[in-house]
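Novice: Predicted model and sequence below, questions to follow.
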Amino acid sequence: RIEAPLVVCASGFRHTASTLLAPAAASAAGLDGGSLRTGQSDGFLMCNVALQGSAADLGIDCTNLWLQPAGSPTGFSLDEGLRNYFADPLGVGDAQVPLMLTFPSAKDRDWAKTSPGESTCQILAV
């Protein structure tokens, strides 16, 4: 029985329904195996990094940087680069790992006042 009006779980739907809930509770809530109609999706890793220096000192701004595996090893084909990466994530070169970098502190207009000389970076890797 699920009594909470809202359940927030970072482990994901599939793991919650198949592992964290008792089978009877999952079934009663309509979360049994029959409700898992989609395949497992790929996960990602997010790393939050503290940087010493202001955005101006470090030369960062409020843009997001997307690093895609579409270089000369894949004939500049993003589709081919992603296929290669998902087929063997540990076997591709460093430049072939899809990444996104963003600088939240550079987007916060009050950041320099509240945290002078500091910046933040988030790195998202598939």
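Specialist: Ah, there it is. Numbers count the residues shown, from 1 in each chain.
Novice: Quick one: neighbours of the closest residue to Ala50 other than its chain neighbours, just the number.
Specialist: Once flanking residues are discounted, Ala50 sits nearest to Thr120: 6.2 Å by C-beta to C-beta, 6 or more residues apart in numbering. Where you see a C-beta, it was placed from the backbone N, CA and C, and this is true even at glycine. Neighbourhood size, Thr120 [other C-beta atoms under 10 Å]: 19.
Novice: List the neighbouring strands of the helix or strand containing Thr120 plus their orientation.
Specialist: Assigning secondary structure by DSSP states H and E places Thr120 in strand 118-125. According to DSSP bridges, strand 118-125 has the following sheet partners: strand 45-52 (antiparallel), strand 99-102 (antiparallel).
Novice: residues of it that come out buried?
Specialist: Ser119, Thr120, Cys121 (16 or more other C-beta atoms under 10 Å).
Novice: dump the residue contacts of the residue nearest to the first one when sequence neighbours are not counted.
Specialist: Residue nearest to Ser119 in three dimensions, not counting chain neighbours: Leu51, with 4.2 Å by C-beta to C-beta, 6+ apart. Shown in contact with Leu51 (C-beta atoms under 8 Å, 6 or more residues apart in numbering): Leu58, Glu118, Ser119, Thr120, Cys121.
Novice: mind listing what's buried in stretch 74-82?
Specialist: Across stretch 74-82, burial judged by 16+ other C-beta under 10 Å covers Thr74, Gly81, Leu82.
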